[in-house]
Structure formats: C-alpha cells, structure tokens
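J.: have a look; sequence and predicted model below, questions after that.
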Amino acid sequence: MTTVEPPSWQSLRAAEARLINTGVPGVSVGNAVFESIVTGLRESLLRLAAPQQAQALGVPPVVSRGLLERVGYIDGFPNLVGTVYSFTGSGADWNRLQEARAATDAAWYQEQQISEVALLPATCHHIYPLFEGVDLPGPAVLTAEAHCYRHEGTHELGRLRSFRMREFVRIAAPDDCIRWRDDWMEQQRAWLTSLGLETSVEPASDPFFGSAARLMKATQREQELKFELRVPVGDGLVQAVASCNYHKEHFGEPFGIRVAGEPAHSACAAFGLERIVLALIAAHGDIPADWPQHVRSVLSLDDAGVA
Ligand SMILES: Nc1ncnc2c1ncn2[C@@H]1O[C@H](COP(=O)(O)OP(=O)(O)OP(=O)(O)O)[C@@H](O)[C@H]1O
Ligand SMILES: [Zn+2]
C-alpha cells in the first residue's frame with residue numbers, strides 16, 4: 001500500500017517511497033524518497049526533450065479566472081475548477097461578522113467574494129496568453145511544471161486533487177503540431193517502457209461535464225485529439241500517467257496567435273509526476289534501492305545518492 005495515513009515523523013526518513021495522505025482526500029505529501037524519484041523523473045524528461053530546445057518557464061499554481069472562462073474550461077469542467085474566494089470587507093466589516101458569529105452559527109466564510117484567480121487545472125494554460133496577438137516567425141516549444149488542482153469527485157489511488165504536471169507545448173502550423181504530437185506519443189511510450197512500466201496507448205477524451213459532455217467526448221475521440229498512456233498504478237487500477245493532445249485552434253484562436261501569418265494550432269505532451277511514481281512503485285516495489293539497475297539509471301538515482 002503506497003498511500004498511507006500520516007506516519008510518525010521518524011518514518012519520513014524511511015527507505016520506502018511514500019505518498020502520505022494529509023487527511024483531506026486527494027491531498028498528499030511525498031516523503032523524501034518519493035520526492036527524489038520525482039526529481040529523477042523531471043530530469044530524465046528534460047534530458048529526453050533536450051533536442052527540442054524548449055524554453056523552460058516557471059509558472060504559478062493559480063491562473064486568471066477570466067482565462068479559464070475564455071478558453072472554455074469553465075463550460076467544459078465546472079465541477080473540477082477550484083476557485084479562489086477571499087474576504088474583501090474592511091476591519092469593521094470583519095468585526096461585525098465576528099459578532100454575528102458569536103450570536104448565531106454564521107460561518108467565517110459567509111461573506112467571501114469570488115476573486116480574479118482560480119487554481120491552475122493544467123500547466124499549459126499559462127503558456128498561450130503569453131503569445132496573445134503575436135505572429136510567430138516559426139514554431140515555439142515551451143515546457144513548464146506546476147502544481148495543478150482539480151476538484152475530483154472520487155479519490156481512488158492515483159486520483160489526487162493536487163498533483164504535479166510537467167508539460168511540453170508546441171505552437172505551430174496544423175501539420176507540424178500533429179507530427180510533433182505523434183512523435184511525442186512514441187517517445188512517451190518508449191520512455192515509460194524504459195522505466196519498466198507496462199504501457200498501453202489509447203485514444204481518450206477529457207472528462208467533460210453536463211449535457212454537452214457526450215458529444216464533446218465523442219468528437220474528441222473521433223478526431224483523435226487526445227491519447228493517454230495508461231499504466232497500472234496499484235490496487236488493480238490502470239491510470240493515465242501521461243497524455244498527448246492536439247488542440248487544433250482551441251488556444252490559438254482566443255489569443256489571436258499566428259505562425260508565419262497563419263492561425264496557430266497547438267499540441268501538448270503532459271506527464272503526471274505522482275502517478276508515474278505510483279506506477280513505478282506498483283511495478284518494482286516501494287524501495288528504490290531494490291529497483292532494477294536500468295530503471296535507477298534512467299532516473300539517475302545512483303548519482304542522487306538514493307540508496
Ligand atoms: N486527478 C489527478 N491526479 C493525479 N494526476 C492527474 C490527475 N489528473 C490528471 N493527472 C495527470 O496529468 C496528466 C495530464 O492531464 P490530462 O488532462 O491529460 O488528464 P486526464 O485525461 O484528465 O486524466 P484522467 O483521465 O485520469 O482524469 C494525466 O495523464 C495524469 O498523469
Ligand atoms: Zn496541456
């Protein structure tokens with residue numbers, strides 16, 4: 001079992017990789033060994049993608065709410081969005097609320113107002129607005145990693161609310177994006193296989209919500225816009241540990257991005273870091289010191305001193 005209840009602090013130094021539940025479903029803390037595997041994955045991915053010379057960005061875990069409205073995320077996934085609310089009243093307003101709370105069962109948060117930010121649901125959302133109104137001379141390739149948040153309705157192994165997503169994004173002409181996405185699919189499969197993971201690649205759809213969901217999912221599958229790399233993560237579950245997506249003009253159009261004078265298309269390859277660690281633990285056990293040497297090499301665990 002890899003998701004465990006809070007241990008005593010001494011056990012955080014254990015040789016076993018652990019994802020420790022905080023008591024809130026889907027919100028977990030990785031112990032030191034778990035995090036050294038995350039670091040190994042990140043560095044291995046950046047080495048794999050080095051020939052692409054992607055510009056590496058640092059992105060925050062929150063994003064403009066207006067941006068999520070603009071790209072249709074709110075329409076498609078209203079159930080997954082984590083919106084930031086805050087108290088915007090004065091000190092006197094707060095004092096009044098405190099008095100009301102003493103007299104009644106008023107909640108501290110009852111006067112919270114929606115803010116202009118939401119928790120970031122996918123790393124690549126930060127990238128497209130940077131190119132608003134730009135006519136790029138040629139393809140752009142970028143990479144970033146962020147803590148993402150999705151208010152998931154279930155909490156089976158590997159389905160977190162807060163998780164890290166490393167993405168590679170290409171903004172280019174349609175043919176170029178499809179070719180790049182297909183190349184990534186092969187690289188993703190080969191990389192996961194090199195980690196000793198039993199990987200299947202399957203056409204997929206995003207978890208659209210509400211009455212339009214069925215049509216949106218069918219269209220996405222029909223047009224082969226999304227593929228998932230699925231791997232056993234434990235507890236008899238197979239989860240998507242990575243995906244590769246062709247967005248067509250979905251992001252280029254709202255931001256008026258062009259490439260060599262033509263409307264820009266985009267594609268991304270995404271990796272869920274916690275899920276990949278869970279898959280490694282499911283395949284090789286929870287003590288990285290005992291993992292096959294070729295897997296430890298891909299992750300540079302010897303160099304990192306992970307015994
Ligand atoms: N709730 C989650 N917990 C942990 N990792 C996640 C979660 N949602 C997505 N990921 C990771 O981020 C990657 C890219 O996100 P993407 O939007 O493609 O996921 P998804 O198709 O919505 O995932 P799923 O089908 O499992 O809901 C996924 O392949 C997965 O590894
Ligand atoms: Zn993406």
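T.: Perfect, thanks for sending it. Residues are numbered from 1 along each chain as shown. Ligands and ions are numbered 1, 2, ... in the order given.
J.: could you use CA atoms for every contact and neighbour count after this?
T.: Noted.
J.: helix, strand or coil: sort out residue 306 for me.
T.: State at residue 306, reduced to three classes by DSSP: H, G, I helix; E, B strand; the rest coil: coil.
J.: counting neighbours, what do you get for residue 26?
T.: The criterion is other CA atoms under 10 Å. On that basis, residue 26 has 22 neighbouring residues.
J.: what sits against it?
T.: 152, 155, 159-162 (CA atoms under 8 Å, 6 or more residues apart in numbering).
J.: run through this protein and note the low-pLDDT ranges.
T.: 1-8, 10-11 (pLDDT under 70).
J.: around ligand 1, which positions in it sit nearby?
T.: 158-161, 163, 165, 206, 239-243, 270-272, 275 (CA under 6 Å from any ligand atom).
J.: got the residues of the chain near ligand 2?
T.: Within the chain, the positions adjacent to ligand 2 are 124, 268 by CA under 5 Å from the ion.
J.: before we move on, the earlier item: any quick ChimeraX command for the buried ones out of the residues of the chain next to ligand 1?
T.: Provided next is the ChimeraX selection string for whichever of the residues of the chain next to ligand 1 are buried by 16 or more other CA atoms under 10 Å:
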select :158,159,160,161,163,165,239,240,241,242,243,270,271,272,275
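J.: out of the residues of the chain next to ligand 1, which are inside strands?
T.: 163, 165, 239-243, 270-272 (DSSP state E).
J.: now residue 232: how far from residue 21?
T.: 20 Å (CA to CA, to the nearest Å).
J.: how about residue 207?
T.: Residue 207 is 25 Å from residue 21, by CA to CA.
J.: so which of the two has more stuff around it?
T.: Regarding residue 207 and residue 21, a neighbour count based on other CA under 10 Å identifies residue 21 as having more, with 18 against 14.
J.: so which bits of the helix or strand containing residue 93 are buried?
T.: For residue 93, the host element (DSSP states H and E) is helix 91-103. Buried residues in helix 91-103, defined by neighbour count with 16+ other CA under 10 Å: residue 97.
J.: next: stretch 177-189.
T.: Across stretch 177-189, burial judged by 16+ other CA under 10 Å covers 177-178, 180-182, 184-185, 188-189.
J.: now, which of those residues sits nearest ligand 2?
T.: Comparing the buried residues of stretch 177-189 against ligand 2 with CA to the ion places residue 181 closest, at 11.4 Å.
J.: list phi and psi for that closest one.
T.: phi -60, psi -40 (degrees, to the nearest 10).
J.: and the helix holding residue 93, what does it pack onto?
T.: Contacting helix 91-103 under the criterion 3 or more CA pairs under 8 Å, 6 or more residues apart in numbering; DSSP states H and E is no other helix or strand.
J.: beyond that helix, next helix or strand please.
T.: strand 113-119.
J.: following that following strand, which helix or strand comes up?
T.: strand 135-136.
J.: and the contacts of that following strand?
T.: Here strand 135-136 has contacts from 257-261, using CA under 8 Å, 6+ apart.
J.: which residue, neighbours along the chain excluded, lies closest to the residue of the stretch 51-200 of the chain found nearest ligand 2?
T.: Using CA to the ion, the single residue of the stretch 51-200 of the chain nearest to ligand 2 is residue 124, 4.6 Å away. Leaving aside its sequence neighbours, residue 124 sits nearest to residue 167 (CA to CA, 6 or more residues apart in numbering; 6.5 Å).
J.: which residues touch the one you found?
T.: 123-124, 143-145, 268-271.
J.: so it lies in a helix, does it not?
T.: No - secondary structure of residue 167 (three-state DSSP): strand, not part of a helix.
J.: bridging residues for it?
T.: residue 144, residue 270 (DSSP bridges).
J.: what about residue 292, distance to residue 281?
T.: Residue 292 is 12 Å from residue 281, by CA to CA.
J.: equivalent analysis for residue 204, please.
T.: Residue 204 is 25 Å from residue 281, where distance means CA to CA.
J.: residue 106 too?
T.: Applying CA to CA to residue 106 and residue 281 gives a distance of 46 Å.
J.: hmm, who's touching stretch 50-59?
T.: With CA under 8 Å, 6+ apart as the criterion, stretch 50-59 contacts 123, 126, 140-146, 168.
J.: select only the buried ones of the residues you listed in PyMOL?
T.: Buried residues within those, by 16+ other CA under 10 Å, are selected in PyMOL with:
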select buried, resi 123+126+140+141+142+143+144+145+146+168
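J.: that concludes my questions; thank you for your assistance.
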